[in-house]
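# have a look at this prediction, sequence included:
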Amino acid sequence: MTGSEDPRAQAAAILEESDEREGDLEAAPDSFLEHRRSDQTVGPDETTR
């Protein structure tokens, strides 16, 4: 079996870290935070993969 022993705790930690990074936009100056609305995304059949 693969994956986390506690997927909910893992997801909560990932979201917390994401919120921290979003709160400090200078934490990774080479990164780019892009905000999109749901109508600006592509559907699963529109991807390049």
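Thanks, I have it.
# and the pLDDT at the spatially most central residue of the chain?
In the chain, the residue lying closest to the centroid (CA atoms, centre = their mean) is Ser18, at 6.6 Å. On pLDDT, Ser18 comes in at 84.
# contacting residues around it?
Listed by CB atoms under 8 Å, 6 or more residues apart in numbering, Ser18 has no contact partners. Where you see a C-beta, it was placed from the backbone N, CA and C, and this is true even at glycine.
# going by neighbour count, which residues in the host helix or strand of it are buried?
In this structure, Ser18 sits in helix 7-23 according to DSSP states H and E. By 16 or more other CB atoms under 10 Å, helix 7-23 has no buried positions at all.
# how about stretch 36-44?
Per 16+ other CB under 10 Å, stretch 36-44 contains no buried residues.
# so what pLDDT did the residue nearest to Ser4 when sequence neighbours are not counted get?
Leaving aside its sequence neighbours, Ser4 sits nearest to Gln10 (CB to CB, 6 or more residues apart in numbering; 4.2 Å). What the model reports for Gln10 is a pLDDT of 94.
# over to Gly3?
For Gly3, the model assigns a pLDDT of 74.
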